[in-house]
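*Asks:* Here is my input; please provide its structure:
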Amino acid sequence: MRSETASDHSLVLLAVFAHPDDEGYRPGGTLALLARHGVRVHLLTATRGESGSCGDPPLCRPDELPVVRERELRCSCTALGIEPPHILDYHDGHLSQADPERIIAQILGVVDEVRPQVMLTFGPDGLSGHPDHVAIGQCAAEAFRRTDEVAALYTVAVPRSVAERLDMRRVQSVPDEAIALSVNVSTVWETKLAAICCHATQLSSSPMMRAPVERQRLFFGTEHFVRAATRRPDWLEEILQEQCQQLD
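*Replies:* Numbers count the residues shown, from 1 in each chain. From the prediction side, this is the model:
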């Protein structure tokens, strides 16, 4: 039995990502499921995504994109049922050139504010190899190392078998045996898609959003995580394993 329960509002997860929309594509269903279980899910986003697409056809001018993407991010958080985002306002595409000590200090500031037991971020390869993803993942991992408040650190991942089946050559996959947790998000499928669709400016840039539904279900319908570090037992896997058992 857990010593803490989701209903007592003491359970907190902090997700740390680089761009608006990072919270939706890979972990969005899991974040929504946790929020439905009463977990307070906080999101820290390092940039406003101003180097992204304005849409096809354009939905805004390039100079308007930071404001538009912040609005899209807030829409996504609302759709997922998680807390409003913490935004650090670094330059999109240049996160790897920013002072890592400053980023780590800012992450630790949010940790002190929201007091999470679990953190979630990108792994060392940034999932896609994007330098911003790699940089924020490294800073989040170092922030985890510098605090004893957080019980566990997880990273988003794509198993090698899934990447090979979908012939996704740009994804930095991990060996299947590295996956600690796989979450069936079929019960929040519409919620996850709604969150992704909040990022209207970016939809034309995502090949998966133009793929057949069967391919989308294979890629988006189960979310996978690596347990990057742990200090003591946490509640995340227990809650999500209970959810998966209910679907069996």
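*Asks:* what's around residue 84, how many residues?
*Replies:* Neighbour count of residue 84, defined by other Cβ atoms under 10 Å: 11. (C-beta placed from N, C-alpha, C; glycine too.)
*Asks:* Not counting sequence-adjacent ones, nearest residue to it?
*Replies:* In this structure, residue 84 finds its nearest non-sequential neighbour in residue 77, 5.8 Å apart by Cβ to Cβ, 6 or more residues apart in numbering.
*Asks:* ok, residues contacting the helix or strand where the one you found lies?
*Replies:* Secondary structure from DSSP states H and E places residue 77 in helix 65-80. Contact with helix 65-80 is made by 20-21, 23-24, 28, 31-32, 35, 41, 43, 45, 48-50, 52, 54, 59-60, 83-85, 87, 191-192, 194-196, 198-202, as judged by Cβ atoms under 8 Å, 6 or more residues apart in numbering.
*Asks:* what secondary structure does residue 14 sit in?
*Replies:* strand (DSSP: H, G, I helix; E, B strand; the rest coil).
*Asks:* tell me, how many neighbours does the closest residue to it other than its chain neighbours end up with?
*Replies:* Among residues not flanking residue 14 along the chain, residue 116 sits closest, at 3.9 Å (Cβ to Cβ, 6+ apart). The burial count assigned to residue 116 is 25, neighbours taken as other Cβ under 10 Å.
*Asks:* Residue 116: what's it in contact with?
*Replies:* 12-14, 42, 149-150.
*Asks:* Look up how far residue 210 lies from the closest residue to residue 123 other than its chain neighbours.
*Replies:* Spatial nearest neighbour of residue 123, chain neighbours left out: residue 155 (3.7 Å); criterion: Cβ to Cβ, 6+ apart. Separation of residue 155 from residue 210 (Cβ to Cβ, to the nearest Å): 27 Å.
*Asks:* more crowded one of these two?
*Replies:* Neighbours of residue 155 and residue 210, each counted by other Cβ under 10 Å, are more numerous for residue 155; the result is 27 against 10.
*Asks:* what secondary structure does the more buried one sit in?
*Replies:* Per three-state DSSP, residue 155 ends up strand.
*Asks:* Next, count neighbours for the nearest residue to residue 36 once chain neighbours are set aside.
*Replies:* Residue nearest to residue 36 in three dimensions, not counting chain neighbours: residue 81, with 6.6 Å by Cβ to Cβ, 6+ apart. Residue 81: 16 surrounding residues under other Cβ under 10 Å.
*Asks:* so residue 81 makes contact with residue 34?
*Replies:* No: if you go by Cβ atoms under 8 Å, residue 81 and residue 34 don't touch, sitting 9.0 Å apart.
*Asks:* okay, and the helix or strand of the chain with the least pLDDT?
*Replies:* helix 236-247 (a mean of 73; mean pLDDT, DSSP states H and E).
*Asks:* rewinding a little: distance check, the residue nearest to residue 14 against residue 241.
*Replies:* From residue 116 to residue 241 the distance is 20 Å (Cβ to Cβ).
*Asks:* Over to residue 14?
*Replies:* Taken as Cβ to Cβ, the span from residue 14 to residue 241 is 21 Å.
*Asks:* higher neighbour count, the two?
*Replies:* residue 14 (27 against 13).
*Asks:* Now for that one: which residues touch it?
*Replies:* 42-44, 110-111, 114, 116, 118-120, 150.
*Asks:* mind listing the strands for the chain?
*Replies:* Using DSSP state E, the strands found in the chain span residues 12-17, 40-47, 86-90, 118-122, 152-157, 181-184, 222-230.
*Asks:* Can you flag the buried ones in the contacts of helix 65-80?
*Replies:* 20-21, 23-24, 28, 31-32, 35, 41, 43, 45, 48-50, 52, 54, 59-60, 83, 85, 87, 191-192, 194-196, 198-202 (16 or more other Cβ atoms under 10 Å).
*Asks:* list the contacts for the residue nearest to residue 36?
*Replies:* Contacts of residue 81 by Cβ under 8 Å, 6+ apart are 32, 35-36, 41, 191.
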